[in-house]
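A.B. asks: Let's see this in three dimensions:
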Amino acid sequence: MKLLITFITIGNFLNFSLANTNIEKKSETVEKDFLDYSNIKEILKADQLDEVMKKKKAVQVEKQNAKEKFIKSKYNYPTESETLKILNEYWLVKSAAELGWNFKKPDYGLDTSFKEFLEKMGHLGTKFRIMIIKNSKVSHFSLPFDGEYYTFLISSQFMRSLDLSRAEISLILMEDFYRSQANYFYDFIMSKELKEVIGKNFYKADFNKKVYLEALKKYDEFVFKEGFSFKQQFYITKKMDSILKNDLTVWGSYLKLIEKIDDLVKTNVLFNEYTKIYPSPELQLNWLKPAQKNI
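C.D. replies: The predicted structure follows:
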């Protein structure tokens with residue numbers, strides 16, 4: 001009897017031990033599975049953080065590039081049109097005392113009359129400005145076209161000395177209009193060095209102001225000393241001739257205007273340097289008048 005009880009007790013103990021062993025194994029498996037899942041979660045979490053950091057870094061780089069691009073854009077040289085506007089305006093201000101455009105003057109009505117004349121000649125919508133100057137040395141001139149406005153200078157002394165009508169002034173301005181279109185002044189001031197910097201960027205480099213100062217010197221040289229060549233004057237005269245012959249009345253007015261200018265430069269010492277800039281009214285008359293046939 002005691003032996004039987006002992007066997008039963010041992011058996012129960014073994015069964016209990018086996019049961020506990022199975023429970024422990026299951027527990028270890030569950031714990032292992034749990035630990036493995038946690039590791040995966042950590043990896044996933046780390047990957048997400050890396051992705052977020054990458055996106056943040058990309059945004060930061062993009063912002064930095066945009067900022068640098070914006071700063072760099074502040075170091076652009078002016079475009080060609082902007083360059084001509086700056087040079088024209090700066091030269092007019094710099095030469096204000098010599099040109100004498102800042103004085104009280106009546107409204108001559110030149111804007112309206114010249115606009116109508118341009119339209120009559122087929123130049124519709126042309127933007128321009130006319131500056132009356134008080135200077136006999138510069139009788140009339142057109143500055144380089146800045147892409148928007150044609151700028152004309154005309155001397156009040158020149159107009160009074162010739163007793164010019166608005167129609168005659170329009171003819172003089174038309175000559176200067178075609179000179180501007182032919183780019184004579186533009187070609188003279190637009191050096192190779194200036195062309196090379198136009199529209200370029202000088203970020204982290206020195207600004208080349210020398211090319212602009214040289215161009216301004218050329219303004220003075222061209223307006224006050226150099227002027228136009230015989231070849232250029234011939235081209236403009238023949239262009240006016242061919243265009244105005246469509247209206248012989250206007251063509252006749254142009255011929256008389258050149259005769260008046262020719263007489264003025266030969267008799268008035270105030271305008272004895274006119275032919276240095278516009279050679280020569282006498283030759284213009286020869287180019288305009290039809291050749292006479294010998295009988």
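A.B. asks: C-alpha from now on. contacts and neighbour counts both.
C.D. replies: OK.
A.B. asks: could you measure the most centrally placed residue in the chain against residue 200, distance?
C.D. replies: For the chain, the residue sitting closest to the mean C-alpha position, by Cα atoms, centre = their mean, is residue 79 at 3.1 Å. Spatial separation of residue 79 from residue 200 under the definition Cα to Cα, to the nearest Å is 8 Å.
A.B. asks: circling back: hmm, residue 198 and the residue nearest to the centre of the chain touching each other?
C.D. replies: Yes - between residue 79 and residue 198 there is a contact under Cα atoms under 8 Å: 5.5 Å.
A.B. asks: Where do the helices of the stretch 151-295 of the chain begin and end?
C.D. replies: For the stretch 151-295 of the chain, helices defined by DSSP state H, counting those that start in this stretch occupy the ranges 156-162, 166-181, 184-189, 192-197, 210-221, 230-244, 248-267, 274-277, 281-288.
A.B. asks: Which of these sits closest to residue 106?
C.D. replies: Nearest to residue 106 among the helices of the stretch 151-295 of the chain is helix 156-162; the distance by Cα to Cα comes to 10.6 Å.
A.B. asks: That closest one packs against which elements?
C.D. replies: Helices and strands touching helix 156-162, as assessed by 3 or more Cα pairs under 8 Å, 6 or more residues apart in numbering; DSSP states H and E, comprise helix 248-267.
A.B. asks: The helix it packs on to helix 281-288, inter-axis angle?
C.D. replies: Relative orientation of helix 248-267 with respect to helix 281-288: 150 degrees, computed using axes from the mean of the first three to the mean of the last three Cα atoms, to 10 degrees.
A.B. asks: mind showing which ranges of this protein have poor pLDDT?
C.D. replies: 1-50, 68, 291-295 (pLDDT under 70).
A.B. asks: how does it look with 80?
C.D. replies: In the prediction, the chain carries residues with pLDDT under 80 at positions 1-69, 72-73, 290-295.
A.B. asks: picking up where we left off before, so can I have a markdown table of the helices of the stretch 151-295 of the chain showing distance to residue 122 and mean neighbour count?
C.D. replies: Listed next are the helices of the stretch 151-295 of the chain as a markdown table, based on distance: least, Cα to Cα, whole Å; neighbours: other Cα atoms under 10 Å:
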| stretch | distance to residue 122 | mean neighbour count |
| --- | --- | --- |
| helix 156-162 | 26 | 17 |
| helix 166-181 | 12 | 20 |
| helix 184-189 | 22 | 18 |
| helix 192-197 | 32 | 14 |
| helix 210-221 | 30 | 16 |
| helix 230-244 | 10 | 16 |
| helix 248-267 | 15 | 16 |
| helix 274-277 | 28 | 19 |
| helix 281-288 | 22 | 17 |
